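> just need the structure, nothing else, for what follows:
(one chain, ligands or ions: 1)
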Amino acid sequence: MVLLDGKSLAKEKREEVKKKVEDLKEREKIVPGLAIIRVGNDPASEIYVRNKLKACEEVKIHAIEKHFDESISEQELIDCIEYFNKEETIDGILVQSPLPKNFDEQKIISHILGSKDVDGFGIDNLGHLLANQEQVLAATPLGIIHLLEKYEIPIASKNVVVIGRSKIVGRPLAIMFLNRDATVTIAHSKTKNLKEITLQADILVSAVGRPNFITQDMVKEGAVCIDVGINRINNQVVGDMDFNAIKEKASFITPVPGGVGPMTIATLLENVYQLALKRKKEK
Ligand code: NAP
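So this is what the prediction gives:
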C-alpha cells in the first residue's frame with residue numbers, strides 16, 4: 001500500500017505558486033487578489049477562512065476578508081459581490097459556505113462573475129465542466145485529481161465510485177472523472193446495495209462525512225481509496241474510511257488528516273494565480 005501524501009504534495013504546490021506569484025509581480029506588476037466574503041459566526045467557517053488568508057499571505061497573494069453580521073440583507077451581500085466584480089485588483093471572489101439558512105446560496109453565488117468565480121461553484125463554471133470544457137474547477141475535487149496525477153494513477157477506463165453528490169465535492173468530482181474517461185457511478189443516501197457498488201470500484205471516493213462509513217469488506221483488493229470525509233471524534237479528526245483495516249487491501253490510500261484536506265487550499269491558491277494570469281492576458 002502506498003500512502004497518497006497530500007500534505008507533501010500541497011507543500012510542493014504552495015511553493016510552486018509562491019514562485020509563480022513572485023514572477024508575475026516582477027514581470028507584469030500584477031499581484032493576484034482574492035476576496036473572501038463570510039456571513040455570520042459559524043466557528044468552522046471562521047477557521048477555514050483564517051487558514052485560507054494565512055495560506056495566501058505565505059504565497060504573497062493579496063487576500064481580504066469581508067465579514068458581515070448575519071442580519072445583512074441579500075441586496076447588501078449582492079452589492080458587495082458586485083463591488084468586487086468591478087475591483088481590478090481582485091481576481092477571485094469566494095463566498096464562504098455555509099451561508100446562514102435565510103440565504104439562497106446558489107442565488108448569491110450566481111452574482112459572482114464567471115471569470116472571478118474562484119471556487120468554480122457558479123452555474124457558468126459548472127456548465128463548462130458538464131460540457132467537458134473545464135474552466136475554473138472546484139478546489140477539493142481538483143486537488144484529488146492532482147493527487148492521482150502525481151502518483152501516476154490512471155483514471156481512463158477505470159471504474160470509479162464517488163459516494164456523495166454535494167455541489168462542492170461529489171458532483172463536480174464525478175464529472176471530472178467522466179471527462180477523464182472513467183466509468184463513473186455516483187452513490188448517495190438513496191442508493192441501494194452500496195456494498196455491491198463499492199466492490200466494483202478501482203477508485204473509491206467517499207465524501208459523506210460519517211466516521212467508519214466505509215469498512216474493509218466494502219473495498220475491492222487493490223483499490224485506490226480517496227477519503228474526503230472530515231469528522232471529529234473526541235478532538236481527533238478522522239475520515240469516512242476505516243483506515244487501519246482498509247490500508248491492508250488498498251493499493252493507494254489517503255490518510256486523514258494529511259490527504260485530501262491540504263490539497264484543497266493549495267489548489268485554491270493555484271486557482272487564484274490562474275485567474276490573475278487571465279487578467280494579465282486581458283490587459
Ligand atoms: P454533504 O453536502 O453533507 O454531502 C454528503 C453526501 O453524502 C450527500 O450527497 C449524501 O447524500 C451522501 N450520503 C449521506 N448518507 C449517505 C449514505 N448512507 N449512503 C450514501 N451516501 C450518503 O457533504 P460535503 O460538503 O460533500 O462533505 C462531505 C465530507 O467531506 C464532510 O465530512 C466534509 O467535512 C468533507 N469535506 C472535506 C473537504 C476537504 O478539503 N478535505 C472539503 C469539503 C468537504 P444525499 O445527497 O442523498 O443527501
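
> give me the nearest residue to the residue in the stretch 1-150 of the chain that the ligand sits nearest to, chain neighbours excluded.
Relative to the ligand, the nearest point of the stretch 1-150 of the chain is residue 140 (4.2 Å; C-beta to the nearest ligand atom). (C-beta placed from N, C-alpha, C; glycine too.) Computed as C-beta to C-beta, 6 or more residues apart in numbering, the closest residue to residue 140 that is not its neighbour in sequence is residue 264, at 4.7 Å.

> next, the one you found: secondary structure please.
Three-state assignment for residue 264 (DSSP: H, G, I helix; E, B strand; the rest coil): helix.

> distance check, it against residue 51.
Applying C-beta to C-beta, to the nearest Å, the value for residue 264 to residue 51 is 10 Å.

> and what of residue 65?
12 Å.

> same question, residue 267
According to C-beta to C-beta, residue 267 and residue 51 sit 13 Å apart.

> next one: residue 178
Residue 178 is 31 Å from residue 51, by C-beta to C-beta.

> so those two - more neighbours on which side?
Between residue 178 and residue 51, residue 178 has the larger neighbour count (other C-beta atoms under 10 Å), namely 17 against 13.

> list the contacts for the residue nearest the centre of the chain?
Taking C-alpha atoms, centre = their mean as the criterion, residue 140 is the residue nearest the geometric centre of the chain, at 1.8 Å. Residue 140 is in contact with 168-169, 173, 228, 260, 263-264, 267, counting by C-beta atoms under 8 Å, 6 or more residues apart in numbering.

> what's the neighbour count on residue 150?
By other C-beta under 10 Å, neighbour count at residue 150 equals 16.

> quick check: it touching residue 9?
Yes: at 5.3 Å, residue 150 counts as touching residue 9 under the criterion of C-beta atoms under 8 Å.

> buried by neighbour count: which residues of the host helix or strand of residue 106 qualify?
Element membership of residue 106, judged by DSSP states H and E, is helix 105-109. Going by neighbour count (16 or more other C-beta atoms under 10 Å), the buried part of helix 105-109 is 108-109.

> any idea of the mean pLDDT for that helix?
Averaged over helix 105-109, pLDDT sits at 96.

> using PDB, write out the CA atom coordinates for the next helix or strand after that helix.
Using DSSP H and E, the helix or strand that follows helix 105-109 in sequence is helix 123-130. Only the C-alpha atoms of helix 123-130 are listed here, as PDB (Å, rounded to 0.1, in the frame of the first residue of the first chain):
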ATOM      1  CA  ILE A 123     -23.600  27.900 -12.900                       C
ATOM      2  CA  ASP A 124     -21.200  29.200 -15.600                       C
ATOM      3  CA  ASN A 125     -18.200  27.200 -14.500                       C
ATOM      4  CA  LEU A 126     -20.400  24.200 -13.600                       C
ATOM      5  CA  GLY A 127     -21.900  24.300 -17.100                       C
ATOM      6  CA  HIS A 128     -18.400  24.400 -18.700                       C
ATOM      7  CA  LEU A 129     -17.400  21.400 -16.600                       C
ATOM      8  CA  LEU A 130     -20.500  19.500 -17.700                       C
END
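
> what are the contacting residues of the helix holding residue 106?
Taking C-beta under 8 Å, 6+ apart as the rule, helix 105-109 contacts 74, 77-78, 81, 95, 97-99, 117, 119, 121-123, 167.

> any residue of that helix touching the ligand?
No: counting by C-beta under 6 Å from any ligand atom, the ligand has no neighbours in helix 105-109; the shortest distance is 11.5 Å.

> CA atoms only: put that helix into CSV for me.
Only the C-alpha atoms of helix 105-109 are listed here, as CSV (Å, rounded to 0.1, in the frame of the first residue of the first chain):
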residue,chain,number,x,y,z
GLU,A,105,-26.5,30.3,-1.6
GLN,A,106,-26.7,29.4,-5.3
LYS,A,107,-28.5,32.6,-6.0
ILE,A,108,-25.9,34.7,-4.1
ILE,A,109,-23.0,32.9,-5.9
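
> now the buried members of the contacts of helix 105-109.
77, 81, 95, 97, 99, 117, 119, 121-122.

> and of these, the nearest to residue 282?
residue 117 (15.9 Å; C-beta to C-beta).

> no further queries at this time; thank you.
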